[in-house]
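Participant: any chance you can model this:
(one chain, ligands or ions: 1)
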Amino acid sequence: MKKIKLLSIVLSALIFSFNSCSAKGEKTTKDKEKKGTPNIILIMADDLGYSDLSCYGSENIKTPVLDKLAEQGIRFNDYHSNGPVCSPTRAALMTGKYQQRVGIEGVITAAGGRDKGLALSEVTVAEALKNEGYVTAMFGKWHLGYDKKYGPVKQGFDEFRGFVSGNIDYFSHIDQEGYFDWWNGEILKDDNGYSTDLITKYGMEFIRKNKDKRFFLYLPYAAPHYPYQARYSKPFRKEGVKQPTDKSIPADSIPAIYRDMVEALDEDVDKLMKTLKELGLDENTLVFFCSDNGGTKKGGKHNLPLRGHKGTLYEGGHRVPAFAVWPGKIKPGTGYEGPVMSMDIYPTLLDIVGGEKPQGIDGISIKNVLLKNETLPERTLFWKFRNARVVRQGDWKLIVTKEKNKEEKIELFNLKDDISESVNLAEKEGDRIENMRKLLDEWLKDVRR
Ligand SMILES: [Ca+2]
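Facilitator: Purely as a prediction, here's the structure:
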């Protein structure tokens, strides 16, 4: 009898322990579901051209870390910044809309644009991810409004360190008009250091602090935008003095400094990735890397084999390096040849975290490109900057340029055959041009504010 009682006690204990195991098991599954929603790190370089990484063809810049990351995930060969300069691309990235729709078609300049900014009524990607329970931070360059009423902490970022102008001295943190521009949230407060390394340092601290939460970390680096300063350079800008570039630097030394700026960024991305790994977060973090516009015409060959450069609507102005990594989710070694835009990142991230689908935006989710290697349905894309307008349909690209007191210039290229936009096919393709122009007119009417 005693034996039977003992057996029954043992059995009950076993059943109890089995039950509690399965209860625990359920909890683990739920945790996993939660864990299935990744942390997000969005890294954006500034003015990094199409061929400025070694994996995109640079001969003198070595970027082993970024190359390896691109290899471990999906690499985009037809990724485009929404604008050929800084502010418009950032406006599109933050809102998922064509920048024309939010009134930021050009650069918000340090000289004449100090009262302008991205309207607070716009719902940014940071605000949308915050609504989904993410902690958010941005360290780096904002360029969507100088006044603190337009600052990142007003647009969904819990934390902000960095600058609001188009570029700062990498050491003295003074903008080209002579204003001191390094912020901690809404307070102007200096930090000692090279801006690339400061941005990384704050990024790493934020990752550590929030390792048990879901986070969205936006790192818009200043590099390699001018002023050309490597880690070994000296500060040159002073408060109250307008000084875009350091005149004491000979032009022929710029390519080497530029190289060192990109390579410093590469090293810093390694530090971020090592932090993720050390904390066991690497498999649960989606990293997206891109540039905000093409490389400049100064200081080397940044956009080969593309025509044009930053500020133009030839491919060199807006086709830039981009890739995404998410171990175990994005198949390594994947390439994607279809067009993707800055404005697609917002809806993609919301789709990936299972968030509310953003309304009234122009970008589309590329989640299935990332996770299932699917191809996006064909869509017509548009660019507009200064006196140039562009329509892209499949491989066809129409550029309409109207300079003051000059006749309109019409250029048509087939990017598949001619990525360098060297052969104008306008004369041969009258019907196609007519159709594309119609689409352009409709788009212009649609986005006009
Ligand atoms: Ca830029």
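Participant: secondary structure element for Thr200?
Facilitator: Element membership for Thr200 (DSSP states H and E) is helix 195-209.
Participant: whichever helix or strand comes after that helix pairs with which strands?
Facilitator: Following helix 195-209 in sequence order, the next helix or strand is strand 215-220 (DSSP H and E). Partners of strand 215-220 in the sheet, by DSSP bridges, are strand 39-45 (parallel), strand 135-141 (parallel).
Participant: packing partners for the next helix or strand along the chain from the last one?
Facilitator: Using DSSP H and E, the next helix or strand after strand 135-141 towards the C-terminus is strand 159-163. With contacts defined as 3 or more CB pairs under 8 Å, 6 or more residues apart in numbering; DSSP states H and E, the secondary structure elements packing on strand 159-163 are strand 135-141, strand 183-184, helix 195-209. To be clear about C-beta, it is placed using only N, CA and C from the backbone, and glycine gets the same treatment.
Participant: who's in contact with strand 159-163?
Facilitator: With contact meaning CB atoms under 8 Å, 6 or more residues apart in numbering, strand 159-163 is reached by 136-142, 151-153, 173, 175, 181-185, 191, 195, 198-199, 202, 206, 220, 222.
Participant: now do the contacts for Arg449.
Facilitator: Counting by CB under 8 Å, 6+ apart, Arg449 has contacts Gln100, Arg101, Gly103.
Participant: mind listing what Ala264 touches?
Facilitator: Tyr194, Thr196, Asp197, Ala223, Ala230, Arg231.
Participant: pretty sure the second one sits against Phe171.
Facilitator: No - in terms of CB atoms under 8 Å, Thr196 does not count as a neighbour of Phe171; the distance is 10.9 Å.
Participant: ok, back up a step: for ChimeraX, what selects the buried ones among the contacts of Ala264?
Facilitator: Of the contacts of Ala264, the buried ones go into a single ChimeraX selection, burial set by 16 or more other CB atoms under 10 Å:
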select :194,196,197,223,230
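Participant: turn the contacts of Ala264 into CSV, columns for distance to Asp418 and pLDDT.
Facilitator: Shown next, in CSV, are these (distance: CB to CB, whole Å; pLDDT from 0 to 100):
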residue, distance to Asp418, pLDDT
Tyr194, 41, 98
Thr196, 36, 98
Asp197, 41, 98
Ala223, 31, 98
Ala230, 36, 98
Arg231, 40, 98
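Participant: and stretch 90-107, anywhere near the ion?
Facilitator: No - judged by CB under 5 Å from the ion, stretch 90-107 and the ion are separated, with a smallest distance of 8.5 Å.
Participant: which non-adjacent residue is nearest the residue of the stretch 51-200 of the chain found nearest the ion?
Facilitator: As assessed by CB to the ion, the ion sits closest to Cys86 within the stretch 51-200 of the chain, at 3.7 Å. Among residues not flanking Cys86 along the chain, His143 sits closest, at 5.1 Å (CB to CB, 6 or more residues apart in numbering).
Participant: what does Phe76 give?
Facilitator: The spatial neighbour of Phe76 that comes closest, neighbours along the chain excluded (CB to CB, 6+ apart), is Ala322 at 4.4 Å.
Participant: give me the number of residues near the one you found?
Facilitator: 26 (other CB atoms under 10 Å).
Participant: pretty sure it is touching Tyr79, no?
Facilitator: Yes - Ala322 is in contact with Tyr79 according to CB under 8 Å; the separation is 3.6 Å.
Participant: quick one: common contacting residues for these two?
Facilitator: With CB under 8 Å, 6+ apart, Ala322 and Tyr79 have common neighbours Cys290, Val340.
Participant: contacts only, for whatever residue of the stretch 101-250 of the chain ends up closest to the ion.
Facilitator: Distance from the ion to each residue of the stretch 101-250 of the chain (CB to the ion) is smallest for His225, at 5.6 Å. Taking CB under 8 Å, 6+ apart, we find His225 in contact with Asp46, Asp47, Cys86, Lys141, Gly166, Asn167.
Participant: quick one, domains of this protein?
Facilitator: Under the assignment automatic domain parsing, the domains of the chain span 37-377, 387-447.
Participant: how long is the first one end to end?
Facilitator: Domain 37-377 has an end-to-end distance of 26 Å (criterion: CA to CA, to the nearest Å).
Participant: next one: stretch 286-302
Facilitator: Using CA to CA, the end-to-end distance of stretch 286-302 comes out at 27 Å.
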